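>>> Pasting a predicted model and its sequence here:
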Amino acid sequence: MKTWICTTLTSFFGPTQGAARLYAFTKQQGHEVSFKDLNQDTYFTLLSREYLEQDFEKLNIVVESMRRNKYLRESVGALLLQSSNNAFQQLLLNNIISKTRFRKLIDAPGFVKQPIFSLLGKRLNEDNLAFAMLMEKEHILSEIEAAKRTLDDRFFALPFEEFIANFTKLLCGKAIIDAVHFPAQLDFGLGLHGMAYAPRLADIQQAIKDEKHNFLIPYYRNKILPSLQQEQPGLVGISVSHMSEFIPAFTLANLIKKESPSTHVCLGGATLTEVSHRVIQNRPLWEYFDSLVIGPGELPFSHLIEALESQNNLASVPNLVYLENSDIKHSEKHREFDLNEAYTPEYVSVRPKSVLPLEASSGCYWGKCVFCYYPKEGTADHNSEYKKGRVRDIDLVIKDMETLKEKYDPQYIGFSDSSFHPQRLEQLAEHNLKRKSPIHFSAFVRFEKAFTSSKFCTKLARGGFLGGQVGLESGSQKTNDFINKGVLLTDVETIIKNFHTAGVLIHIYAIVGLPGETFEDSRLTHDFMKRWRKKVSLGWQIYPLGIHEHGPLALRGPEFGLTLSPMPDDYLVQVMQYKSERGMSQAESLATAIRFHESLKKYYHPLNNLMDVESQKVMLLVKKSQEKVLDET
């Protein structure tokens, strides 16, 4: 039986790991399986001349109706400018000036051309931008197509500045798509984004048939369904690794079931596991799929293939919820997956020097923070116990790295572990130091004592460690002690200095509104970020408190003066609503996070104007990797 494993629109900047690891495992079991990685292919297709010409025609109809409506003209113009971060205006100005005697200004230094560009820019504004765009249609499509092909062909093999220059032109393509399909948006870090849909049953039901706003429908219909007709897979597995993938995943599932009702559609992935109980109870969703896997998919998916091939009852497939005779049933078996039994992820359609994710452990070795649900991730039963099978042997991790390097030559490997132990980082570094050139990598780490040694940090940097993310949580020692964070702020300051000196880039996560935290306490977090901003090279994020249904605060709410209530059943989210007897309310936590974000925004890296913060981190680590390659050679 032919089987497909599919990913959907996720991130322009690289693939996800789960489906690639599942594909490698399923192939090794001898199954006839194909991997349809539709993530980056979706971006490059939607931004192609073929598709953008269709959007131009739709936008032309809108523009014709705007001639006597100044408000509508300015609204569309503002959308085009904002979605492209003013790249649209720059692209048009370059073309207009190239036709004049001032064309040499295009390549002039910024301080020379900026005054004239600013003057012309005032004339090319929200009110007339859409008309100017239609007049320069051929130039715009040619520029976007050239940038798309350059990125498709060379991607992170391009020098950093050249990548950004081409990516900025793609923002103009994004702006066209956004203007036509508003309020839905094409987001380079979140896929299908915007205010058109929420992760809610009614929104999913609307989105999968919304030909006007859901720009994925024609893509799937034109590019995927013909392959479905030709290959006729008996099973299609769709991975959902992020909440933003719900609309893409259910859109694809719906079209497959309509085209081929007998094809068994199975959903899986990390995010789906987190909200599986909510998906299960929303019975109308089962019109679009036949089963779902809870937890890592390797064992269940292989057993599912065998059961479907032999037409056996699905009750024997571990960790499976399935539809049988209109009844939703849970399988009789439960199995946890040992990471040491996994195979190295096998990626397809990898762009040159693309960053590749890799998992070396699931959960968190610390696992004591009272707010955190990470220790329960990567399991089928939401068990937070840090068992041996959740940590991949370091020799296997090194073998994974070597295999990925040999097959794909990534710019760097990004470990997706919730927390990477310093000892294991050192083992990777020591292996790298024996190589002719190190394999660069990033990781999530904790502010551990080991990093207070500048010598240790320098060793890691020499051994290929580029940096990564770290959870600070609070700039208040009192708050961090209360939540069992297990770090000292005095150590944190030393570690930040050590990492900066060693050239290790870090991004810091923090939370405001933690149990018992006052606004005065949270202000210390804001001040900490402001004080250390120049040494926190990958930036920072300050979140409001989110309480997850499977997290420890959901079980211990009364202990912390929290009254909890889940979101309505039709929401596919596990974040809970809460009231607090002491400390900030949920609304105050959110407002404080927004206030701090606005206060610190002026210190953000300029890339933040072009892309979301997660994508920005990838780009800055790519830049660092390119610089280290030059130094190492």
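Arrived safely. Numbers count the residues shown, from 1 in each chain.

>>> quick one: the strands in the stretch 401-550 of the chain?
Here the stretch 401-550 of the chain has its strands, by DSSP state E, counting those that start in this stretch, at 413-415, 441-442, 465-473, 505-512, 540-544.

>>> Mean neighbour count, those strands: which tops it?
Each of the strands of the stretch 401-550 of the chain was assessed for mean neighbour count using mean count of other Cβ atoms under 10 Å. The highest is strand 441-442, with a mean of 29. No exception for glycine: its C-beta is placed from N, CA and C like everyone else's.

>>> Give me the distance from that strand to the chain's centre.
Taking Cα atoms, centre = their mean, to the nearest Å, one finds the center of strand 441-442 at 17 Å from the center of the full chain.

>>> Could you list the residues in contact with that strand?
Met401, Tyr412, Ile413, Gly414, Phe415, Leu428, Gly464, Phe465, Leu466, Gly467, Gly468, Leu621 (Cβ atoms under 8 Å, 6 or more residues apart in numbering).

>>> Each with direction, which strands does it pair with?
The sheet places strand 441-442 alongside strand 413-415 (parallel), strand 465-473 (parallel), with pairing taken from DSSP bridges.

>>> Can you report how many residues lie near Gly295?
Using other Cβ atoms under 10 Å as the criterion, Gly295 is surrounded by 25 other residues.

>>> whoops, I mixed them up, Ser615
Here the count is done by other Cβ under 10 Å, and Ser615 has 21 residues near it.

>>> sec struct for Leu252, please.
Secondary structure, DSSP: H, G, I helix; E, B strand; the rest coil: Leu252 is helix.

>>> Oh, that last question was meant for Met611, not what I typed.
coil.

>>> if I pick it, what's in contact with it?
Phe167, Phe188, Gly189, Met619.

>>> pretty sure the first one contacts Ala147?
Yes: with the criterion set as Cβ atoms under 8 Å, Phe167 and Ala147 qualify as a contacting pair; they are 7.5 Å apart.

>>> rewinding a little: save the strands paired with strand 441-442 as a markdown table, and put in distance to Gly297 and mean pLDDT too.
Output for the strands paired with strand 441-442, formatted as a markdown table (distance: least, Cβ to Cβ, whole Å; pLDDT from 0 to 100):
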| stretch | distance to Gly297 | mean pLDDT |
| --- | --- | --- |
| strand 413-415 | 20 | 98 |
| strand 465-473 | 25 | 97 |
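
>>> In CSV, list the ones you listed along with distance to Val536.
Conversion of these to CSV gives the following (distance: least, Cβ to Cβ, whole Å):
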stretch, distance to Val536
strand 413-415, 18
strand 465-473, 9
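
>>> Ok, which of these comes nearest His421?
Evaluated over the strands paired with strand 441-442, closeness to His421 peaks at strand 413-415, with 11.1 Å, by Cβ to Cβ.

>>> what does the closest one rub up against?
Strand 413-415 is contacted from outside by 355-360, 401, 404-405, 439-444, 468, 618, 621, using Cβ under 8 Å, 6+ apart.

>>> now do 7 Å
Val355, Leu356, Pro357, Leu358, Ala360, Met401, Leu404, Ile439, Phe441, Ser442, Ala443 (Cβ atoms under 7 Å, 6 or more residues apart in numbering).

>>> can you name the two of the residues you listed that are farthest apart?
Pairwise distances across the contacts of strand 413-415 (Cβ to Cβ) peak at 15.9 Å, for the pair Val355 and Ala360.

>>> helices and strands of this structure: which one bottoms out on pLDDT?
helix 110-123 (a mean of 60; mean pLDDT, DSSP states H and E).

>>> Next secondary structure after that one?
Where DSSP states H and E defines the elements, the next helix or strand beyond helix 110-123 is helix 129-135.

>>> Of all the strands paired with strand 441-442, which one is nearest Gly367?
When those are compared by Cβ to Cβ, strand 465-473 sits nearest Gly367, at 12.7 Å.

>>> between that closest one and strand 505-512, how many degrees?
10 degrees (axes from the mean of the first three to the mean of the last three Cα atoms, to 10 degrees).

>>> pLDDT and distance to His507 added to the contacts of strand 413-415, as a markdown table?
Below are the contacts of strand 413-415 laid out as a markdown table (pLDDT from 0 to 100; distance: Cβ to Cβ, whole Å):
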| residue | pLDDT | distance to His507 |
| --- | --- | --- |
| Val355 | 98 | 15 |
| Leu356 | 98 | 19 |
| Pro357 | 97 | 16 |
| Leu358 | 98 | 18 |
| Ala360 | 96 | 19 |
| Met401 | 98 | 22 |
| Leu404 | 98 | 23 |
| Ile439 | 97 | 21 |
| Phe441 | 98 | 15 |
| Ser442 | 98 | 10 |
| Ala443 | 98 | 12 |
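
>>> Can I have the buried ones of the residues you listed as a PyMOL selection?
Selection of the buried residues among those in PyMOL, burial being defined by 16 or more other Cβ atoms under 10 Å:
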select buried, resi 355+356+357+358+360+401+404+439+441+442+443
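
>>> Point out where the protein drops to low pLDDT.
99-123, 195, 384 (pLDDT under 70).

>>> which other helices and strands contact the longest helix along the chain?
When the chain is parsed with DSSP state H, its longest helix is helix 160-181. Applying 3 or more Cβ pairs under 7 Å, 6 or more residues apart in numbering; DSSP states H and E, one finds that helix 160-181 contacts helix 49-64, helix 70-83, helix 87-98, helix 137-154, strand 184-187, helix 613-632.

>>> Compare these and give me the one nearest Tyr543.
Nearest to Tyr543, of the helices and strands packed on helix 160-181 and by Cβ to Cβ, is helix 613-632 at 11.4 Å.

>>> What residues of the closest one count as buried?
Of the residues in helix 613-632, those buried (16+ other Cβ under 10 Å) are 613, 615-626, 628.

>>> what do you get for stretch 380-396?
Ala380, His382, Ser384, Arg390, Val391, Arg392, Leu396.

>>> Stretch 415-425 too?
Using 16+ other Cβ under 10 Å as the burial criterion, the residues of stretch 415-425 that qualify are Phe415, Ser416, Asp417, Ser418, Ser419, Phe420, His421, Pro422, Arg424, Leu425.

>>> Also stretch 554-568?
Buried residues in stretch 554-568 (16+ other Cβ under 10 Å): Ala554, Gly557, Phe560, Leu562, Leu564, Met567.

>>> Could you export those residues as TSV, including secondary structure?
Below are those laid out as TSV (three-state DSSP):
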residue	secondary structure
Ala554	helix
Gly557	helix
Phe560	helix
Leu562	strand
Leu564	strand
Met567	coil
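
>>> Closest one to Asp55 out of those residues, please.
Met567 (34.7 Å).

>>> my guess is that closest one meets Val573, correct?
Yes: using Cβ atoms under 7 Å, Met567 is in contact with Val573, at 5.7 Å.

>>> just checking, Arg221 touches Leu255?
Yes: Arg221 lies in contact with Leu255 (Cβ under 7 Å); the separation is 6.4 Å.

>>> So which of these two has more stuff around it?
The neighbour comparison of Arg221 against Leu255 (other Cβ under 10 Å) goes to Leu255, with 19 against 14.

>>> picking that back up, nearest approach to Leu433 belongs to which of the strands paired with strand 441-442?
Taking those one by one with Cβ to Cβ, strand 465-473 is closest: 11.1 Å.

>>> Return the distance of that closest one from the chain's centre.
17 Å.

>>> List of residues touching it?
Applying Cβ under 7 Å, 6+ apart, the contact partners of strand 465-473 are 412, 425, 429, 440-447, 480, 483, 485, 492, 499, 504-511, 514, 538, 621, 624-625.
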